[in-house]
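**Student:** Quick one: sequence plus predicted model below, questions after.
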Amino acid sequence: MALILKSLILLLLVAFVCAKTVKQSKNDKETLEKYIEDKKKEINPRWRLHYHVAGPVGWINDPNGFSYYKGEYHLFYQFYPYAAKWGPMHWGHVTSKDLVNWKQLPTALLPDEEQCFSGSAVVDGDTHVLIYTAHENLASGLSNESQYLAFSDDGVNYDKFKGNPVIPQAPNGSPDFRDPKAWKHGDHWYVIIGSKTTDERGRVLLYRSEDLIEWEFLTILGESKGDLGYMWECPDFFELDGKFVLLMSPQGMKPEGDRYKNLHQTGYIIGSFNYDTLEFTPDVGFQEMDYGHDFYAAQTMEHNGKRYVVGWFAMWESPFLEDVDGWAGAMTIIRELSIVNNRIIMKPLDDMVSLRESLVASGDFRTNVPVVFGKTAEIVIDGDLNKNMDFLLEGTEGGEKGWIKWDSESRKVGIEIDGDVRQVEWYPIGSTTLRIFLDASSVELFCGEGEVVFSSRLYPEGGWKVTNKNVQDVKIEAYSLKRSVPE
Ligand code: FRU
């Protein structure tokens, strides 16, 4: 009886989803997957990442639709399969049971009259709902951005909503109106969307809905006064450790000393929010989330009381050395978030230790005695922060070189690649170790508990060779890491 009831409910659900969606052409999807399978064979594996999500072929940018549905984490990404450069946007798709080991799924969204720009995912009953920006290039040469929905009842096949767009335009008519991030609070759905004022200041708009279809514009949740760029992309808004965090990626902030040295920034404002008055009151000003060369358009999700973030492991207009190999762009490793002293702490997932394959070095890390790895490494370094530290990261067969440096006097920790320095003051809140993750073409540095993090792409030839270039002997514990993403 229970089984019959269950099947009946499932049937009704499928019927409901079908009635309100337009099927994406099966033909187009199959042709695309076949193309991807064939094209994959041409990829040069030298810089392919072993434990970071990347596209199977072609170009990827922003993480999208980071969510948990039917027992699995889902991560989508901006995807252009046909070249290793940006083009008409699709949504690529991977899933994971633990946020460490990832499985490739078929491309979830293909462009029609619209390009499928960034967005998010929510779970409504039994349905996985994607909300994304439809970017349309108009005959006039102008473009338009509106918000679309797509539905799935199996987490594999997604169909676009017949009634799209659900939010046709920005209240001020701005053509820059994109990257919806939706969530549920009480009986309502909320979504924030990145946009700008008519005099080119970045802002984030807040909407509310009862059914994900009819949306009411509520308020401007945050807005640049002129100091935070001309456009806010990829906003996110969430509660963490009793505070509210407005996370966004402003375009056009000017460099200030060590700060804002990348073309665009990703950062956050911590404050308080009241769902009745809809007022977001900042406690502290804008802070960068990650200090490396390559971190953008970060998106978070919550599951089992934990808040996770993933960023695009790249920066607009930076060279992607891997593009000659048939692919470009990747995701950072997933990090768990908390707030300490009004600052976001990002730490690698506890489960990352499950990737440790073999112990490569342990004990003293003597000056000028290199430790050699294959394509991957996790290195934990314990030194005396009253003395300087300098570590050289290079390929066993040459290629790009990088430095990790600590200056005890200025208390600055940093990463330098080809003379291009990213650095910041570090005051440890507990642990004083440096934890370094190296993949075939990337470095992520977590300082202490994760109060300072750097993500940068770095391209060695061969395996990794890491050398302590300072007179200070430090302690090292280092592992090679297993593959956890498709080849
Ligand atoms: C951010 C972004 C988004 C947009 C997407 C297009 O990197 O510019 O604002 O939706 O990329 O691919």
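**Tutor:** Structure received. Residues are numbered from 1 along each chain as shown.

**Student:** Going by C-alpha atoms from here, please, whenever you check contacts or count neighbours.
**Tutor:** Noted.

**Student:** how about the strands in the stretch 1-150 of the chain?
**Tutor:** With DSSP state E, counting those that start in this stretch as the criterion, the stretch 1-150 of the chain has strands at 21-22, 58-69, 72-80, 90-96, 102-109, 115-124, 127-137, 143-152.

**Student:** gap between the shortest one and the chain center?
**Tutor:** Right, the one you point to is strand 21-22. Relative to its chain's centre, strand 21-22 lies at 29 Å (Cα atoms, centre = their mean, to the nearest Å).

**Student:** Pull the residues that contact it.
**Tutor:** Residues outside strand 21-22 that contact it (Cα atoms under 8 Å, 6 or more residues apart in numbering) are Ala150, Phe151, Asp159, Lys160, Phe161, Lys162.

**Student:** now the strands for the stretch 151-300 of the chain?
**Tutor:** 159-161, 177-185, 188-196, 202-209, 215-223, 231-240, 243-251, 267-274, 279-282, 287-288, 296-303.

**Student:** Out of the contacts of strand 21-22, flag the one nearest to the ligand.
**Tutor:** Comparing those against the ligand with Cα to the nearest ligand atom places Ala150 closest, at 15.9 Å.

**Student:** Next up, the contacts around Glu113.
**Tutor:** Glu113 neighbours (Cα under 8 Å, 6+ apart): Glu136.

**Student:** closest one to Trp316 among the strands of the stretch 151-300 of the chain?
**Tutor:** With Cα to Cα as the measure, strand 296-303 is the member of the strands of the stretch 151-300 of the chain nearest Trp316 (8.6 Å).

**Student:** would you turn the strands of the stretch 1-150 of the chain into JSON lines with distance to Leu246?
**Tutor:** Listed next are those as JSON lines, based on distance: least, Cα to Cα, whole Å:
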{"stretch": "strand 21-22", "distance to Leu246": "32"}
{"stretch": "strand 58-69", "distance to Leu246": "17"}
{"stretch": "strand 72-80", "distance to Leu246": "21"}
{"stretch": "strand 90-96", "distance to Leu246": "24"}
{"stretch": "strand 102-109", "distance to Leu246": "27"}
{"stretch": "strand 115-124", "distance to Leu246": "15"}
{"stretch": "strand 127-137", "distance to Leu246": "19"}
{"stretch": "strand 143-152", "distance to Leu246": "20"}
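
**Student:** and Ser140, how many neighbours?
**Tutor:** 6 (other Cα atoms under 10 Å).

**Student:** What's the separation between it and Gln104?
**Tutor:** 38 Å (Cα to Cα, to the nearest Å).

**Student:** next one: Asp325
**Tutor:** Taken as Cα to Cα, the span from Asp325 to Gln104 is 20 Å.

**Student:** contacting residues for the residue lying closest to Gln104 once chain neighbours are set aside?
**Tutor:** Excluding the flanking residues, the one nearest Gln104 by Cα to Cα, 6 or more residues apart in numbering is Val94, at 4.7 Å. Each residue near Val94 by Cα under 8 Å, 6+ apart is listed here: His74, Leu75, Phe76, Trp102, Lys103, Gln104, Leu105.

**Student:** again with Met315
**Tutor:** Residues near Met315 by Cα under 8 Å, 6+ apart: Asn262, Leu263, His264, His293, Asp294, Phe295, Tyr296.

**Student:** let's see it at 7 Å
**Tutor:** The contact partners of Met315, by Cα atoms under 7 Å, 6 or more residues apart in numbering, come to Asp294, Phe295, Tyr296.

**Student:** my read: the last one touches Gly311, true?
**Tutor:** Going back to what we said before, that points to Tyr296. Yes - shown here, Tyr296 and Gly311 form a contact pair, counting by Cα atoms under 7 Å, at 5.6 Å.

**Student:** Compare neighbour counts for those two and give me the winner.
**Tutor:** For the pair Tyr296 and Gly311, the greater number of neighbours falls to Tyr296 (32 against 26), based on other Cα under 10 Å.

**Student:** Name the nearest residue to that one, ignoring sequence neighbours.
**Tutor:** Closest to Tyr296 by Cα to Cα, 6+ apart is Trp312, at 5.1 Å.

**Student:** Lowest-scoring secondary structure element of the chain by mean pLDDT?
**Tutor:** One helix or strand of the chain scores below all others by mean pLDDT, DSSP states H and E: helix 2-19, with a mean of 55.
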